[in-house]
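Chemist: Provided below are the primary sequence and the corresponding predicted coordinates.
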Amino acid sequence: MTTIEEYHFGVIRVDGETYRNDVKIVEGAVVPKWWRRRGHVFDVRDVRDILAARPAVLVCGTGSSGMARVSEALERRLAAEGIALHALPTAQAVEAFNRLGGEGVAVAGAFHLTC
């Protein structure tokens with residue numbers, strides 16, 4: 001199981017590796033330096049690899065202050081594919097990701113580290 005060991009503004013540590021840019025976690029693998037086409041909006045195009053993996057849950061870390069958001073198009077697509085969405089400020093999203101993974105749920109993550 002992939003574990004997020006630490007998060008604070010601008011930094012996340014996953015399985016012993018430290019990242020200073022936004023990341024995705026797909027099928028247990030970290031996708032570093034994740035960039036969204038529309039900055040603070042998580043959209044379908046930004047998570048195609050996650051959609052292809054078909055996790056039970058997508059946890060989106062919307063930033064330290066929760067400034068990022070999930071587009072309506074992505075919300076609709078996830079619902080249509082039966083993928084639950086948890087969009088939370090990143091500290092809470094990290095807790096949710098670790099809890100779900102620890103429960104054996106197939107979980108993917110997309111984490112904005114600042115804002």
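Modeler: Done, it's in. It should be emphasised that the depicted structure is a prediction, and the values quoted were computed from it without experimental measurement. Numbers count the residues shown, from 1 in each chain.
Chemist: next, the residue lying farthest from the centre of the chain: phi, psi?
Modeler: Distance from the centre of the chain peaks at residue 80, with 18.8 Å (Cα atoms, centre = their mean). Residue 80 has phi and psi values of phi -60, psi -30 when expressed as degrees, to the nearest 10.
Chemist: report the contact partners of it.
Modeler: Residue 80 is in contact with no residue at all, counting by Cβ atoms under 8 Å, 6 or more residues apart in numbering. Heads up, the C-betas are built off the backbone N, CA and C, glycines and all.
Chemist: what sits against residue 19?
Modeler: Taking Cβ under 8 Å, 6+ apart, we find residue 19 in contact with 11, 12, 13, 30, 32, 33, 113.
Chemist: tell me which helix or strand the closest residue to the third one other than its chain neighbours sits in.
Modeler: Meaning residue 13. Using Cβ to Cβ, 6 or more residues apart in numbering and skipping residues adjacent in sequence, the residue nearest residue 13 is residue 6, 4.2 Å away. Assigned by DSSP states H and E, residue 6 belongs to strand 4-8.
Chemist: closest one to residue 46 out of the contacts of residue 19, please.
Modeler: residue 33 (12.8 Å; Cβ to Cβ).
Chemist: measure the residue nearest to residue 33 when sequence neighbours are not counted to residue 35 for me?
Modeler: In space, and not counting its chain neighbours, residue 33 is closest to residue 21: 4.5 Å by Cβ to Cβ, 6+ apart. Per Cβ to Cβ, to the nearest Å, residue 21 is found 8 Å from residue 35.
Chemist: so the two - more neighbours on which side?
Modeler: More crowded of residue 21 and residue 35, by other Cβ atoms under 10 Å: residue 21, with 15 against 8.
Chemist: that one should be in a strand, yeah?
Modeler: No: using DSSP: H, G, I helix; E, B strand; the rest coil, the secondary structure at residue 21 is coil, not a strand.
Chemist: per-residue confidence for it?
Modeler: Looking at residue 21, its pLDDT stands at 97.
Chemist: all set now, cheers.
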